[in-house]
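S.K.: Compute the structure for the input listed below.
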Amino acid sequence: MRRGLISVIDADTIEKTLKLILQEFPDETIYTTEVGICDGDTSGGIHEFLVDNNRTNIHNAIDSNRDKVVKSPFPECNLIIGDSIECSFKIKDESQHFIFQDANHSLFYTTADFLLYRNKVKVGGYYGFHDTAKYIQPFLDYQHIGSRENPYNYICCREAIDLLGLLNNRFPGWRLMFDECDTNDTAGGVTIFQRIF
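M.R.: Model prediction:
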């Protein structure tokens, strides 16, 4: 899978998830969304993997353009420009087989994005978070919201999914599937959950 800025291990975790989707939804067009796309390589990799496996893929790519002006990762992509929280209504409930969240990594945004996008996933579908590795140090990569003195305004994806109860399978309707990372990567890590009801 083409991967862009994510590690090989992170890309492999996404690929394992896509393989499960292909097995579990054998006769369906596969609907996917990436929230926060940067250069679009992960979105492009998801799309290419599904197409290379002879499946039709309808992909949404959502980005705020806050870090830089983004371009559509591939011609057929539905590119949505705007704040992830404000754009969530543009994705139909229970329509997505896979959502990959890689937008603002602050505690507030990570939590809010999941709460807004979780019902967009079909029952049996998957939701993934990037930058969830256990070893990410505090105050890594300021997310350009709020005070620089607040540790929750840096990469706090793992703290968010723990606070939500996802890591302990305490968030109703979701179960942990993968929690993997490359220990040589200063951030990274992918954690995947399946919607079970």
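S.K.: which is the next helix or strand following the longest strand seen in the chain?
M.R.: Longest strand in the chain, counting residues (DSSP state E): strand 121-130. Downstream of strand 121-130, the next assigned helix or strand under DSSP states H and E is helix 157-163.
S.K.: Just the mean pLDDT for that next one, thanks.
M.R.: For helix 157-163, mean pLDDT rounds to 98.
S.K.: Restricting to C-alpha, output it in CSV.
M.R.: Taking Å, rounded to 0.1, in the frame of the first residue of the first chain, the C-alpha atoms of helix 157-163 are listed here in CSV:
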residue,chain,number,x,y,z
CYS,A,157,-4.6,10.7,20.3
ARG,A,158,-3.8,7.8,22.7
GLU,A,159,-5.0,9.8,25.7
ALA,A,160,-8.2,10.6,23.8
ILE,A,161,-9.0,7.0,22.9
ASP,A,162,-8.2,5.9,26.4
LEU,A,163,-10.4,8.6,27.9
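S.K.: Need the contact partners of that helix.
M.R.: 105, 107, 110-111, 114, 129-134, 136, 152, 167-168, 189, 191 (CB atoms under 8 Å, 6 or more residues apart in numbering). Any C-beta I mention is one placed from the backbone N, CA and C, and that applies to glycine too.
S.K.: Give me the buried subset of these.
M.R.: Among the contacts of helix 157-163, those classed as buried by neighbour count (16 or more other CB atoms under 10 Å) are 105, 107, 110-111, 114, 129-133, 136, 152, 167, 189, 191.
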